[in-house]
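[1] Mind folding the following:
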Amino acid sequence: MAEIERALSRITYLGTRARHHDRLMAVADVPLDRAAVALLRQIADSEPQRPGELAQRLGVEASHVTRTAQQLEKAGYVTRVPDPDDRRAQRIRLTDAGRQAIDRVRQAGARGMQAALADWSPEELRQLATLFHRMVDDFLAHAAEEEGEPRASA
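    Take a look at the predicted model:
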């Protein structure tokens, strides 16, 4: 377990370095800070959502999401739409420009991973992806249990 935790710490460190982010944004030609990219990724994966829902998923304060969403809205990457469940509330949705931006970020990241893992066999890459998904699913299930939610089977 200690080696797994150590490897996860190293991966987290590599992915959160400012230099890495700046290089990724330059390759993708997307002028966004890390918070904005994290929010765009979340919206792209499950849009549209209320700001409070996004804040919960990202583990940040709702005011942080609101400020970042306002910046993204001014830049044309997101828009607010009425919540069909409560017309007084709003959800945040990607615009076409936002979708294109997050696609470029993901493509740039994938090219970097592909270059770094070029010597891995297709089977090793499939195993890695399978194990990563399994690990994340188990982490999420465990976190839900700790918060008092029943464990859902994946």
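[2] start to end distance for stretch 71-84?
    One end of stretch 71-84 sits 24 Å from the other (C-alpha to C-alpha, to the nearest Å).
[3] Now stretch 28-47: average pLDDT?
    For stretch 28-47, the mean per-residue pLDDT is 93.
[4] One more: stretch 105-123?
    95.
[5] list the buried ones in the longest helix along the chain?
    Determined from DSSP state H, the single longest helix within the chain is helix 122-146. Across helix 122-146, burial judged by 16 or more other C-beta atoms under 10 Å covers residue 141. In short, each C-beta sits where N, CA and C put it, glycine included.
[6] for it, packing partners?
    Other helices and strands packing on helix 122-146, by 3 or more C-beta pairs under 8 Å, 6 or more residues apart in numbering; DSSP states H and E, are absent; none qualifies.
[7] now that helix, how far from the centre of its chain.
    With C-alpha atoms, centre = their mean, to the nearest Å as the basis, helix 122-146 stands 15 Å off its chain's centre.
[8] Sketch out the helices for the chain, chain order is fine.
    Using DSSP H, helices in the chain cover 2-16, 18-28, 34-46, 51-58, 62-74, 96-116, 122-146.
[9] ok and the last one relative to helix 96-116, angle-wise?
    Orientation note: helix 122-146 sits at an angle of 120 degrees relative to helix 96-116 (axes from the mean of the first three to the mean of the last three C-alpha atoms, to 10 degrees).
[10] And the first one, by the same measure?
    When the same axes, to 10 degrees is applied, the directions of helix 2-16 and helix 96-116 differ by 130 degrees.
[11] swap in the fifth one?
    What separates the directions of helix 62-74 and helix 96-116 is an angle of 100 degrees, with the same axes, to 10 degrees.
[12] other SSEs contacting helix 62-74?
    Judged by 3+ C-beta pairs under 8 Å, 6+ apart, helix 62-74 is in contact with helix 34-46, helix 51-58, strand 78-83.
[13] Pull out the buried residues from it.
    So, applying 16+ other C-beta under 10 Å, buried residues of helix 62-74: 65, 68, 69, 71, 72.
[14] export those residues to TSV and tack on distance to residue 118 and pLDDT?
    Formatted as TSV, these follow (distance: C-beta to C-beta, whole Å; pLDDT from 0 to 100):
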residue	distance to residue 118	pLDDT
65	37	95
68	35	96
69	37	96
71	36	96
72	34	97
